[in-house]
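S.K.: here is my input; please provide its structure:
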Amino acid sequence: MADTHVGTRSSRPELEGVSIVVVGRLNPAIFQPLWFARHNLVREEEAQEAKLEIIHREVTVFSTEWFSLQVTDDKYQVATQDPTMYRPLRDLALGTFKILEHTPITAFGFNINQHFPMESQDEWHALGDHYAPKDSWLRVLKNPGLRSLVIEGTREDCQATRMQIRLQPSNRVRFGVFVHVNEHYDIAGEEDSIPTNGIQSFLKIAASSWDGFLSYGDNVAQCLLSEYEK
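M.R.: Purely as a prediction, here's the structure:
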């Protein structure tokens, strides 16, 4: 991205999605569609129609009409690209780990991805130049441009260990901007040990903070995409 004039843009993303990640000690083989149906976490027909990629003792991957799931021996990740299903996705993760209440976990996090179309190539370049002024790079590069910018910090009234925000050109929307927000929680424990309160922390925070995270993610994108216009 380089510099030039600023136009107007859509206030809503063209593409978006969210995911919930839980890190710990997991048994991928149990995470089968019929297991979710048996525990009333998905409908029977959803389980029967799920697209199976792999079910193995080391990894399980499958998807339904509205969510995808990937589980390894140390990470669970469930995601959706349907904005109307963000709350059900949270409920699916909550229901899963209420059943698997003794699963040792060390960390968890929430993610939101948004792809915003810009009004023009000029505007796309202008945003990149605002956040990574090319003048700073001209002595070491020809035609410098922003490829990825990652900023980390914390946010007020949030228990997360850290917030990470990534800004880069979209690889899915022509002259689009990709904004990724990650809210990460580490579970405190003794050195070299799995803490015993991980699941309880996840269930409590996911239940109480999910909607706030989604609002925060939207606000981040709007702030970043409007700030350079000032």
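
S.K.: use CA for all of it now, contacts and neighbours both
M.R.: OK.

S.K.: strands of the chain, start to end?
M.R.: 15-24, 51-55, 59-63, 68-72, 75-80, 105-117, 149-153, 162-169, 176-186 (DSSP state E).

S.K.: tell me the buried residues in the lowest-mean-pLDDT helix or strand in the chain?
M.R.: Every helix and strand in the chain was compared by mean pLDDT, DSSP states H and E; the lowest is helix 121-131, with a mean of 92. Residues of helix 121-131 classed as buried by neighbour count (16 or more other Cα atoms under 10 Å): 121, 122, 123, 124, 125, 126, 127, 128, 129, 130.

S.K.: closest one to residue 137 out of those residues, please.
M.R.: Nearest to residue 137 among the buried residues of helix 121-131, counting by Cα to Cα, is residue 129 at 11.0 Å.

S.K.: wait, that closest one sits on residue 145?
M.R.: Yes. Counting by Cα atoms under 8 Å, residue 129 touches residue 145, with 7.4 Å between them.

S.K.: rewinding a little: pipe the buried residues of helix 121-131 into TSV and attach distance to residue 225 per row.
M.R.: Below are the buried residues of helix 121-131 laid out as TSV (distance: Cα to Cα, whole Å):
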residue	distance to residue 225
121	15
122	14
123	10
124	10
125	12
126	11
127	7
128	10
129	12
130	10
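
S.K.: and of those residues, the nearest to residue 33?
M.R.: Using Cα to Cα, those come closest to residue 33 at residue 124, 41.7 Å.

S.K.: contacting residues around the closest one?
M.R.: 1, 118, 175, 176, 177 (Cα atoms under 8 Å, 6 or more residues apart in numbering).
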